[in-house]
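A.B. asks: next come a sequence and a model predicted from it.
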Amino acid sequence: QVQLVESGGGLVQAGGSLRLSCAASGGTFSMYPMAWFRQAPGKEREFVAAINTNGGTGYANSVKGRFTISRINAENALYLQMNSLKPEDTAVYYCAANTKRREYDYWGQGTQVTVSS
């Protein structure tokens, strides 16, 4: 059973930065593709960024060039560096693990990010 715990959310002004962290336990972190998703009020959850086991990354167009996903396998940690934040980035951010190579099947509880204009 994999447990994921996000941290690092908060309130920031537009143009500011935040770094989200996700601590993983209970599995073999280095073997799992990982991702960040977000859900804004009244909207469906959407993909933000992903990183595979070799460090390859992918981003949603809306965050490309502003957000950076990274991982430190030795620390069972996933990160999301968010720069040049915009009010439309306001959402609950979730980290997710893909343990069976089919879908993201483990999720954290989420961390709130609020960007004021």
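C.D. replies: Sure, I can see it.
A.B. asks: please name the bridge partners of the most centrally placed residue in the chain.
C.D. replies: By Cα atoms, centre = their mean, the mean C-alpha position of the chain lies nearest to residue 36, the distance being 2.7 Å. When assigned by DSSP bridges, residue 36 has beta-bridge partners residue 49, residue 95.
A.B. asks: what sits against it?
C.D. replies: Shown in contact with residue 36 (Cβ atoms under 8 Å, 6 or more residues apart in numbering): 20, 22, 48, 49, 50, 69, 78, 80, 93, 94, 95, 96. Glycine gets a C-beta too; all of them are placed from N, C-alpha and C.
A.B. asks: I'd say the last one and residue 34 touch.
C.D. replies: I take that to be residue 96. Yes: Residue 96 lies in contact with residue 34 (Cβ atoms under 8 Å); the separation is 6.9 Å.
A.B. asks: just the contacts of residue 36 now: which is nearest residue 40?
C.D. replies: Within the contacts of residue 36, the smallest distance to residue 40 is 10.3 Å, found for residue 93 (Cβ to Cβ).
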